[in-house]
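Colleague: Sequence unavailable; structure follows:
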């Protein structure tokens with residue numbers, strides 16, 4: 001359904017920081033208070049590069065996550081403003097009000113939901129075991145004694161620690177850093193989100209996916225746990241993007257496939273029941 005949001009006249013408002021005293025600040029969507037840091041702006045934390053989800057650097061940033069977030073902002077009559085930050089702190093920073101929301105290929109997990117709330121899902125992810133071409137490592141069963149790279153704080157890092165016999169799991173600030181470390185011989189393999197691994201195979205060369213690891217993770221956009229109004233408004237906007245075919249088009253553009261029912265029909269409430 002289309003959200004009938006009305007743009008609030010800028011001249012009638014004074015832009016306010018988080019927690020301002022003016023009750024008219026942060027109004028959007030027909031007068032609904034979304035608790036925004038800055039009136040008329042959706043402040044979004046992101047962690048880039050992580051192609052194809054985050055490509056480039058703000059303000060010249062693109063990618064699947066960014067296109068979906070831009071669509072949500074458009075539905076809400078807001079201007080998205082992106083700030084690059086570390087994945088290891090992005091949930092805490094969002095919860096503390098540094099950002100209104102985050103767009104960082106973030107799997108919805110119970111642990112993360114102790115810090116932030118998540119919107120409904122917009123992507124279903126699997127993990128992948130990435131190795132150099134010609135590697136003797138053909139599956140996660142071959143990781144005994146190996147050094148495995150991953151991005152700090154990710155579900156790939158968790159999987160490597162909990163589900164493999166790697167001698168060491170070495171974390172890196174960015175996903176591409178882990179892949180570069182493998183190419184230069186610092187680690188033997190990398191566990192990372194499958195689309196990121198596929199992007200590296202296509203664009204970097206010299207690497208291959210040894211095994212796709214089925215994890216059926218669902219991405220959501222983190223928001224502060226006390227901002228139900230923003231989360232619900234984002235969910236309504238996201239539902240519109242699913243209903244009008246936008247998510248189908250973006251899935252085809254970035255992943256050459258159709259979105260699964262878990263994305264088109266699922267809600268965050270389904271994951272917490």
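Modeller: Received it, and whenever you're ready, just let me know what you need. It should be emphasised that the depicted structure is a prediction, and the values quoted were computed from it without experimental measurement.
Colleague: all helices of the stretch 151-273 of the chain, in order?
Modeller: Here the stretch 151-273 of the chain has its helices, by DSSP state H, counting those that start in this stretch, at 155-163, 175-183, 194-203, 228-243, 246-255, 261-264, 268-272.
Colleague: The first one versus helix 194-203: what angle between them?
Modeller: Using axes from the mean of the first three to the mean of the last three Cα atoms, to 10 degrees, one finds that helix 155-163 and helix 194-203 are set 110 degrees apart in direction.
Colleague: Show me the contact partners of helix 155-163.
Modeller: Residues from elsewhere that reach helix 155-163 (Cβ atoms under 8 Å, 6 or more residues apart in numbering): 107, 109, 127, 140, 143, 148, 150-151, 166, 169, 171, 190-193, 213, 215, 217. Bear in mind the C-beta positions are built from the backbone N, C-alpha and C, glycine included.
Colleague: Among those, which ones are in strands?
Modeller: Taking DSSP state E as the definition of strands, those contribute 127, 148, 150-151, 169, 171, 190-193, 213, 215, 217.
Colleague: among the helices of the stretch 151-273 of the chain, which is nearest residue 65?
Modeller: helix 246-255 (9.6 Å; Cβ to Cβ).
Colleague: Which positions in that closest one come out as buried?
Modeller: Buried residues in helix 246-255, counted by 16 or more other Cβ atoms under 10 Å: 246, 247, 248, 250, 251, 254.
Colleague: tell me which of those is nearest to residue 119?
Modeller: Among the buried residues of helix 246-255, and counting by Cβ to Cβ, the member closest to residue 119 is residue 247, at 12.8 Å.
Colleague: Wait, the closest one touches residue 263, no?
Modeller: Yes. Using Cβ atoms under 8 Å, residue 247 makes contact with residue 263 at a distance of 6.9 Å.
Colleague: Tell me how many other residues surround residue 119.
Modeller: 24 (other Cβ atoms under 10 Å).
Colleague: Report the separation between it and residue 42.
Modeller: 12 Å (Cβ to Cβ, to the nearest Å).
Colleague: Now list whatever residues contact both of these two.
Modeller: By Cβ under 8 Å, 6+ apart, the residues touching both residue 119 and residue 42 are residue 101.
Colleague: before we move on, back to that, confidence-wise, which of the helices of the stretch 151-273 of the chain is weakest overall?
Modeller: In terms of average pLDDT, helix 268-272 trails the rest of the helices of the stretch 151-273 of the chain, at a mean of 74.
Colleague: what's the spacing between the residue nearest in space to the middle of the chain and residue 182?
Modeller: Closest to where the C-alpha atoms of the chain average out (Cα atoms, centre = their mean) is residue 105, at 2.0 Å. Computed as Cβ to Cβ, the residue 105 to residue 182 distance reads 20 Å.
Colleague: Please name the nearest non-neighbouring residue to residue 230.
Modeller: residue 34 (4.6 Å; Cβ to Cβ, 6 or more residues apart in numbering).
Colleague: And the pLDDT at the one you found?
Modeller: Confidence score, pLDDT, at residue 34: 97.
Colleague: The one 4 residues further on now?
Modeller: pLDDT recorded at residue 38 is 96.
Colleague: Between the ones in strands among the contacts of helix 155-163, which sits nearest residue 57?
Modeller: Taking Cβ to Cβ as the measure, residue 57 lies nearest residue 151 of the ones in strands among the contacts of helix 155-163, at 17.2 Å.
Colleague: Tell me the spacing between that closest one and residue 157.
Modeller: Taking Cβ to Cβ, one finds residue 151 at 7 Å from residue 157.
Colleague: do residue 57 as well
Modeller: 23 Å.
Colleague: Those two - which one has more neighbours?
Modeller: residue 157 (21 against 12).
Colleague: where in this structure is pLDDT low?
Modeller: 1-31, 271-273 (pLDDT under 70).
Colleague: Appreciated, that's everything.
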